[in-house]
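1. quick one: sequence plus predicted model below, questions after.
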Amino acid sequence: MQKIHIVSNRLPFSIKEDGENITLEASVGGLATGMKSIYKDYGGTWIGWPGIDSDTISNDKMEAIDNLFIEEKCASVHLNSEEIHLFYEGFSNRTIWPLFHYFTQFADFNQEDWETYKAVNQKFADAAIETMDDGDAVWVHDYQLLLVPEMIKSKKPNVTIGFFLHIPFPSYEVFRMLPWRKEIIKGMLGADLIGFHTYDYERHFFSCVRRLFGYEISFNQIHIEERIIIADSFPMGIDYEKFLKSAQEVGMKSITEKSELHKELDKYFLSSPDRKLILSIDRLDYTKGIPNRLKAFARFLEKYPEFRQKVTLIMLAVPSRGQVDHYQQLKKEVDELVGQINGAYGSINYTPIWYFYRSLPFNNLIELYSSCDVALITPVRDGMNLVAKEYVASRINNTGALILSEMAGVAKEMGEALLINPVDDEEMADCIHQALTMPVDEQKSRMSFMKERIQRYDVFKWANEFIKSLKKAESIQTDFLAKRITKQLANKLVEKYSGSKKRAIFLDYDGTLAHFKKNPLDAKPDEELHSIIKNLTSNKQNTVTIISGRDRYTLEKWFNGHKVNLICEHGVWLKTVDGEWEMLTTVNNNWMPNVRPVMENFVDRTPGSFIEEKNYSLVWHYRKSEPEQGELRANELKDELNTHLSNHNLEIMEGNKVIEVKSGGINKGVAALKFLNNQPFDFIMAIGDDWTDEFMFRELPESAVTIKVGLKHTKAAYKVESVDAVRGLLKMM
Ligand SMILES: O=P(O)(O)OC[C@H]1O[C@H](O[C@H]2O[C@H](CO)[C@@H](O)[C@H](O)[C@H]2O)[C@H](O)[C@@H](O)[C@@H]1O
Ligand SMILES: O=c1ccn([C@@H]2O[C@H](COP(=O)(O)OP(=O)(O)O)[C@@H](O)[C@H]2O)c(=O)[nH]1
């Protein structure tokens, strides 16, 4: 990996104008802080939108701004009024944002917005492509740029791409509402590594990938024909030391050094020693649960009147996305609620809510964090929520209490906070009471646990862990490519094949010669496969064997007329070209009456699954079932079977969406060796796709050409990506 570039909607600087003078001001946000260490250390460029409407400024001024960005190793992507309206306010913030935060009733599905979203994503991708060399890596951020990974990958397959989603990834039941759901997933899958804040978002993503595309997922790897994609969770952190140090500095300031805000806070506490402050900070966004929070605060004042006059809520609402109607409506609602509550509970010398509708400079934020006794952070949904971590980091003596919504990603890491349901006014009101009356020892104990965690996993660690995984994703892909049969390697294998005189060729059927079908009986050989087998078997030097888990009647019917040997049921039966069926091993099936009812119970409980009965095995198929349920039940079934099988010499085999129970000691490896029977073959080749084929790969002599179909870990010497690639190779022979 050479340089690492960053692509995000916003650049990490904002433009400051003072008359004619234009300067850039560095953002202090978490993303900007974490990424600066990455793109500068790795000599990359940060590609993004400078945050201005290119229609509103002259070309000269735009050029001057671009040059300022270039000095900071940033490349700007210009957006005009229409693009800002349809891409940023439109598809990003009127479609994806509400939908991914479960505000389905707010989500617009507008074709024009979608078209512009695609076009603007292409603009970002093109800017990245122009900046990158082969071998570089790029880290793309967030929901505004979901299509960028695929757009880059399709033009530059030799760069490694990371993607991080900063907002929740919703459950499939919500995601499926999106008319362009497949395109969005395809866009993300252009990345080699996809990161989320929490495991819940990750598993929702996997579930969408499975349902929409049926791709195989093992552990956290998605297997697509020619690529492996890793998805993982990386909970974003903050610059812990910076918050801690700034809070220490604030604590040491003399009266004259203090800001106006800080003096006001001091005055508030001095006026009565038992006064308390509750803090609320967020962008004014409907996902942040501000109206519910206000109602709960009002309920608290109503339910615990002894706290009136003594407790004030400081509410900082930072203006955000003001052109989007739902944000305008929220502003109105919040203004009204604050007015009502202050009207109902306030007096000449007491204002229950101090409401600021603006952003505050960093130092003021620290003053608020360190002065407030309670932080009330109650989003209805939030990808992470860094404010919660910043509050904890700024509590230098470990006092204070954090009330946190269980719907924020950060709640997963903050088990010691007072976790609440953000729409439950009553619970929140009681929690406010609990926080305000919490003994100091308890505050310190809870706070110190949380602190330790956010100190360890800070924003730098977060960024470095992501890059480490990106490098791992790159090496997994390289390993695959090393075993992969390229055109060149295929030519070499064909040369070896042609130079040999007596050849044994073992071919698995499903997933190797034929694509999987929902109903296994539909996977019969097509014209192309018949002609491949005909061609291979017409060469007298070839001994071709189909070696499969299937029952003998099906294979005999399908390959009737071909000069091919058949090994069925994983090695129980053999039929040579002109011979009759013979058993390769002696087995009995007196265990079946015990096992069948167990499987039947699983068929009843798992819609779409069914039992296949072979002569010497029973198979439970779940390809047609709901994917997660199928896997869950498969594990359960294995567990249950183990308890029933202890008296028999049986084996449980896990194939591709099947669990097969058969007599022990039978497998494709044993069968292949018996078949070879020490004959002098000078070329042995075996191709297979699943776990049952690994027996063959292991047992055959080292000189054999063993080939795995798919990207999973294997004993085979080579890998090909698909059934079509297998057919391509066989056609060359
Ligand atoms: O760029 P804006 O439209 O002004 O919005 C500001 C940012 O809001 C979102 O923040 C998210 O990222 C945080 C850090 O990972 C996370 O803590 C929070 O829960 C998210 O909502 C958005 O994802 C960013 O792209 C915006 O720039
Ligand atoms: O006046 C303000 C208020 C907040 N913040 C910062 O805005 C970020 C908010 O991030 P969070 O993850 O909590 O929510 P988001 O707004 O990204 O959804 C935090 O780093 C705050 O310190 C800020 O810079 N100025």
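-> Alright, I've got the coordinates. Numbering: from 1, shown residues only. Ligands and ions are numbered 1, 2, ... in the order given.
2. for the stretch 601-733 of the chain, what spans make up the strands?
-> 610-613, 617-621, 650-654, 658-663, 683-688, 705-709, 718-720 (DSSP state E, counting those that start in this stretch).
3. what mean pLDDT does the last one get?
-> Pointing back at strand 718-720 there. Per-residue pLDDT values across strand 718-720 average out to 93.
4. who does that strand touch, helix- and strand-wise?
-> helix 459-483, strand 705-709 (3 or more C-beta pairs under 8 Å, 6 or more residues apart in numbering; DSSP states H and E). Every residue, glycine included, has its C-beta placed from N, CA and C.
5. with mean neighbour count and mean pLDDT added, can I get these in JSON lines?
-> Shown next, in JSON lines, are these (neighbours: other C-beta atoms under 10 Å; pLDDT from 0 to 100):
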{"stretch": "helix 459-483", "mean neighbour count": "17", "mean pLDDT": "89"}
{"stretch": "strand 705-709", "mean neighbour count": "23", "mean pLDDT": "96"}
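6. pLDDT weak spots in the protein?
-> 1, 644, 646-647 (pLDDT under 70).
7. circling back to that earlier point, which one of the strands of the stretch 601-733 of the chain lies nearest to Pro235?
-> strand 650-654 (32.4 Å; C-beta to C-beta).
8. who are the packing partners of that closest one?
-> helix 627-645, strand 658-663.
9. how big is the angle separating the longest one from strand 658-663?
-> Between helix 627-645 and strand 658-663, the angle comes out at 10 degrees (axes from the mean of the first three to the mean of the last three C-alpha atoms, to 10 degrees).
10. in helix 627-645, what's buried?
-> 627, 630, 633-634, 637, 640-641, 645 (16 or more other C-beta atoms under 10 Å).
11. hey, C-alpha coordinates of that helix in PDB?
-> Output in PDB follows, covering the C-alpha atoms of helix 627-645 (Å, rounded to 0.1, in the frame of the first residue of the first chain):
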ATOM      1  CA  PRO A 627     -30.700 -17.000   5.300                       C
ATOM      2  CA  GLU A 628     -30.100 -16.100   9.000                       C
ATOM      3  CA  GLN A 629     -32.800 -18.400  10.200                       C
ATOM      4  CA  GLY A 630     -31.300 -21.200   8.000                       C
ATOM      5  CA  GLU A 631     -27.900 -20.800   9.500                       C
ATOM      6  CA  LEU A 632     -29.200 -20.500  13.100                       C
ATOM      7  CA  ARG A 633     -31.200 -23.700  12.600                       C
ATOM      8  CA  ALA A 634     -28.300 -25.500  10.900                       C
ATOM      9  CA  ASN A 635     -26.200 -24.900  14.100                       C
ATOM     10  CA  GLU A 636     -29.000 -26.000  16.300                       C
ATOM     11  CA  LEU A 637     -29.600 -29.100  14.100                       C
ATOM     12  CA  LYS A 638     -25.900 -30.000  14.300                       C
ATOM     13  CA  ASP A 639     -26.000 -29.700  18.100                       C
ATOM     14  CA  GLU A 640     -29.100 -31.900  18.300                       C
ATOM     15  CA  LEU A 641     -27.800 -34.500  15.900                       C
ATOM     16  CA  ASN A 642     -24.700 -34.900  17.900                       C
ATOM     17  CA  THR A 643     -26.700 -36.000  20.900                       C
ATOM     18  CA  HIS A 644     -28.600 -38.600  18.700                       C
ATOM     19  CA  LEU A 645     -25.600 -39.900  16.900                       C
END
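12. other SSEs contacting it?
-> helix 199-213, helix 592-605, strand 650-654, strand 658-663.
13. list the contacts of that helix.
-> Residues outside helix 627-645 that contact it (C-beta atoms under 8 Å, 6 or more residues apart in numbering): 207, 210-211, 591, 594-595, 598-599, 602, 605-606, 608-609, 620, 622-623, 625, 652, 654, 657, 659, 661.
14. in ChimeraX, select just the buried ones from the residues you listed.
-> Here is the ChimeraX command that selects the buried residues among the contacts of helix 627-645 (16+ other C-beta under 10 Å):
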select :207,210,211,591,595,598,599,602,606,609,620,622,623,625,652,657,659,661
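15. I figured Gln544 was touching Asn535, is that so?
-> You called it Gln, but residue 544 is Val. No. Assessed by C-beta atoms under 8 Å, Val544 is found out of contact with Asn535, at 10.1 Å.
16. those two: which has the busier surroundings?
-> Using other C-beta atoms under 10 Å, the more surrounded residue of Val544 and Asn535 is Val544, with 21 against 13.
17. name the SS class of that one, please.
-> strand (DSSP: H, G, I helix; E, B strand; the rest coil).
18. what sits against it?
-> Taking C-beta under 8 Å, 6+ apart, one finds 505, 507, 533, 536-537, 563-565 in contact with Val544.
19. which of these ranks first by neighbour count?
-> Result: Ile505 is most packed of the contacts of Val544 (other C-beta under 10 Å), 25 neighbours.
20. report the beta-bridge partners for that residue.
-> Val544, Met685 (DSSP bridges).
21. for Leu24, same thing?
-> As for beta bridges, Leu24 partners with Ile15 under DSSP bridges.
22. got the contact list for Glu600?
-> Ile611.
23. so which strand or helix has Leu301?
-> Using DSSP states H and E, the secondary-structure element containing Leu301 is helix 290-303.
24. right, I'll leave it there.
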